[in-house]
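A.B. asks: Sequence and predicted structure are below.
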Amino acid sequence: MKWMTPRTGGLALLAALVLLLPLGMVNNYWYEVAIQVGLNAIVCIGLNLLIGYAGQISLGHAGFFGLGAYGSAILSTRYGVPPALAIVCTTVAVAFLALLVGRPILRLKGHYLAMATLGMGIIISIVIVTEDKFTGGPDGMSVPALTLFGLEVAGERVWYWVVAAALVITTALALNLIESPMGRALRALNGSEVGARVSGIDATRAKVGVFVLSAVFASIAGSLMAHYSGFITPGKASFFHSIELVAMVVFGGMSSTFGAIIGAMALTLLPQLLTVLKEYEMVVFGGVMVVTMIFFPRGFLPSLMLLLARKRK
Amino acid sequence: MSQVQLRVSALTKTFGGFNAVEDVSFDIAKGKVHSIIGPNGAGKTTMLNMLTGVYEPSRGTVELEGQDITGLAPHALAGRGMARTFQNLQIFFNMSAIENVMVGRHLHECAGWLAAMLRFPRLSAGERESRRESAELMRFLGLDDYIDADADAMPYGALKRLEIARALAGKPKILLLDEPAAGLNATETREINALIMKLAHSGITVVLVEHDMHLVMDVSDHIVVLDYGRKLCDGSAQMVRNDPRVIEAYLGSEEFTPC
């Protein structure tokens, strides 16, 4: 039986990496960064399904991340809902909202869709900042700890395993989806929308479906982030974070799930590494981005694979 | 004419006051080859786009086997057995050749989101079946060499056949081909000719839009001639060939031909 496909092999590699990583992490700072990478990667995997595979842009996904964080925070702090249940409720609510918003705006294409999603993200961000009765406004709000099966999830090391598990599951779901009829339908929409539609694909349904799915991934990552850090501010729901997320997807390589993970890793780690450069940090960061896109135009991972494939020939 | 499968009645498409197709009516019989011909800009592709739901008709009706299907979305029409190819190819260049054909089977596949993400066993079985049937279809169209190829690495003639394979993968009742011979050499055109005959024999109705008159006259049971968006005439190849109005539309009126 052929079990070592790129799908299963890649997933096994990711799982091994996630399992072995703690051996090399000497203090809590490393765990903190790894958790940050993991949460960003979960959002990027979903966003990549939308942007990379289905070819639909979103400049507002930080909004869903923010809704996940604040939804979970508000339910558990102000209404006393147990955090685990709060995450579930928030996810369902965000899915419903994405469905509601997605139907009208996914009729738009290209730049117009970019503008509409941008507007959506900004509205969410403004609501979070101004509804300070619920959200604490720009000062942020504190969030109670997550309890799973009666145990409190606390400390970087425990959270590492929660996020790692979530990342591996998300990756598996995304890989499965792409290698299915639905995944082919999404890629077909990217290749030729009219070709896909006459082949029997309901374009609106497929686009709205993947939009909702990517919003759900972002929302879950947001909820986890909220309970992990114990305190949230509106920054993570901002327009800039939306752009950061898209940059991660493009940098790592569009239409590659592992590329999205690598993009999230690179763009989360790079600023940490560059802090030694002090005031030149952002200049070098921008420079690295530009150079990467020139030499790896398809994004890091797909370009690398292409290079290796050519070498082998 | 024998059994009417598709009835087009007074179909009209208006683009900002200009009638690209105006009041065109004709019947299409099951299992026959029908051609829509006419000079450039006569409205042939617009007609095809209306029949497959890419454009919504401005007026008029289309009936498939007695049911009104006017204005249905392309995927809904695909579900009722209409498949098509495009004059300017609409291949999924971001996918492999066989995946292009597998997309054509979309309506026959198990396509739920949850089933896909959790990879239910019946989905895996369906995938194997889909791949096998698609490969078979590719071989039927002489695409044996491209089964594992990426679509963007295929030559033009093969891509045209790949698009036909994708259309056939949906097991259509009616196949609409928009200029299948355009850009092909004589040998490839002969292959398309033989293919159309074979499909009609197997009971699939073919609607052909084509400029290659040898091909049209050779394969068609029935021809509709359009000119400036209106139907000039329709009938058998013999009838159409000898109709003075058709000759005028193609060659210009006799008064203007120099002696």
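C.D. replies: Looks like it arrived, so ask away. Residues are numbered from 1 along each chain as shown, chains lettered A, B, ... in the order given.

A.B. asks: Not counting residues beside it along the chain, what's closest to residue 94?
C.D. replies: Here I'm looking at chain A. In space, and not counting its chain neighbours, residue A:94 is closest to residue A:219: 3.9 Å by Cβ to Cβ, 6 or more residues apart in numbering or on different chains. Heads up, the C-betas are built off the backbone N, CA and C, glycines and all.

A.B. asks: looking at chain B here, not the other one
C.D. replies: The shortest distance from residue B:94 to any non-neighbouring residue, by Cβ to Cβ, 6+ apart, is to residue A:191 (4.6 Å).

A.B. asks: show me what contacts that neighbour?
C.D. replies: B:91-95 (Cβ atoms under 8 Å, 6 or more residues apart in numbering or on different chains).

A.B. asks: still on that earlier bit, quick check, the residue nearest to residue A:94 in contact with residue A:64.
C.D. replies: Yes - Residue A:219 sits in contact with residue A:64 when judged by Cβ atoms under 8 Å, with a separation of 5.2 Å.

A.B. asks: So which of the two has more stuff around it?
C.D. replies: Between residue A:219 and residue A:64, counted using other Cβ atoms under 10 Å in any protein chain shown, residue A:64 has the larger neighbour count: 36 against 31.

A.B. asks: Model confidence for the more buried one, exactly?
C.D. replies: We have a pLDDT of 97 for residue A:64.

A.B. asks: again with residue A:153
C.D. replies: For residue A:153, the model assigns a pLDDT of 84.

A.B. asks: Next, the contact list for the residue nearest to it when sequence neighbours are not counted, please.
C.D. replies: Leaving out its chain neighbours, the residue that sits closest to residue A:153 by Cβ to Cβ, 6+ apart is residue A:146, at 4.4 Å. Shown in contact with residue A:146 (Cβ under 8 Å, 6+ apart): A:83-84, A:87, A:152-153, A:162, A:224, A:227-228.

A.B. asks: could these go into TSV alongside secondary structure and neighbour count?
C.D. replies: Listed next are those as TSV, based on DSSP: H, G, I helix; E, B strand; the rest coil; neighbours: other Cβ atoms under 10 Å in any protein chain shown:
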residue	secondary structure	neighbour count
A:83	helix	23
A:84	helix	17
A:87	helix	24
A:152	strand	12
A:153	strand	18
A:162	helix	17
A:224	helix	24
A:227	helix	25
A:228	helix	23
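
A.B. asks: which one of these is nearest residue A:142?
C.D. replies: Each of these was scored against residue A:142 by Cβ to Cβ, and residue A:227 proved nearest at 10.9 Å.

A.B. asks: follow-up on the earlier one: just flag the most distant two among the contacts of residue A:191.
C.D. replies: B:91 and B:94, at 9.5 Å, using Cβ to Cβ across the contacts of residue A:191.

A.B. asks: Give me the common contacts of those two.
C.D. replies: Here residue B:91 and residue B:94 have A:191, B:151 as joint contacts, going by Cβ under 8 Å, 6+ apart.

A.B. asks: who has more neighbours, these two?
C.D. replies: residue B:91 (22 against 19).

A.B. asks: Let me see the ranges of the strands in the chain.
C.D. replies: By default, I'm working from chain A. Shown for chain A, the strands assigned by DSSP state E span residues A:141-142, A:146-148, A:151-153, A:231-232.

A.B. asks: The intended chain is chain B.
C.D. replies: B:4-15, B:18-29, B:33-37, B:59-64, B:67-68, B:82-84, B:174-178, B:205-209, B:222-227, B:230-235.

A.B. asks: Could you identify which of those is most buried?
C.D. replies: Most buried of the strands of chain B by mean neighbour count (mean count of other Cβ atoms under 10 Å in any protein chain shown) is strand B:82-84; its value is a mean of 28.

A.B. asks: Pull up the pairing partners for that strand, direction included.
C.D. replies: Applying DSSP bridges to the sheet, strand B:82-84 is found paired with strand B:174-178 (parallel).

A.B. asks: Can you give the distance of the strand it pairs with from its chain's centre?
C.D. replies: 2 Å (Cα atoms, centre = their mean, to the nearest Å).

A.B. asks: I'd guessed residue B:150 sits against residue B:97; true?
C.D. replies: Yes - look at residue B:150 against residue B:97 with Cβ under 8 Å: they come within range, at 7.1 Å.

A.B. asks: More neighbours: which of the two?
C.D. replies: Counted by other Cβ under 10 Å, residue B:150 and residue B:97 do not tie: residue B:97 has more neighbours, with 28 against 14.

A.B. asks: who's in contact with that one?
C.D. replies: B:138, B:143, B:146-151, B:154, B:162.

A.B. asks: Least confident of those?
C.D. replies: residue B:148 (91).

A.B. asks: what's the closest non-adjacent residue to the residue of the stretch 201-313 of chain A found nearest chain B?
C.D. replies: Relative to chain B, the nearest point of the stretch 201-313 of chain A is residue A:202 (4.7 Å; Cβ to the nearest Cβ). Leaving aside its chain neighbours, residue A:202 sits nearest to residue B:75 (4.7 Å; criterion: Cβ to Cβ, 6+ apart).

A.B. asks: Now stretch A:69-80: buried residues?
C.D. replies: Of the residues in stretch A:69-80, A:69-77 count as buried by neighbour count, 16 or more other Cβ atoms under 10 Å in any protein chain shown.

A.B. asks: Can you sort out which of the contacts of residue B:97 also neighbour chain A?
C.D. replies: Contacts with chain A are made by none of those, judged by Cβ under 8 Å from any Cβ of the partner chain.

A.B. asks: Quick check: of the residues you listed, which lies closest to chain A?
C.D. replies: For the contacts of residue B:97, the nearest to chain A is residue B:151 (8.1 Å; Cβ to the nearest Cβ).

A.B. asks: can you list the residues of chain A near chain B?
C.D. replies: So chain A meets chain B at A:173-174, A:176-177, A:179-185, A:187-188, A:190-192, A:194-203, A:209, A:213, A:255 (Cβ under 8 Å from any Cβ).

A.B. asks: change it to 7 Å
C.D. replies: Within chain A, the positions lying close to chain B (Cβ under 7 Å from any Cβ of the partner chain) are A:173, A:176-177, A:180-185, A:187-188, A:190-192, A:194-202, A:209.
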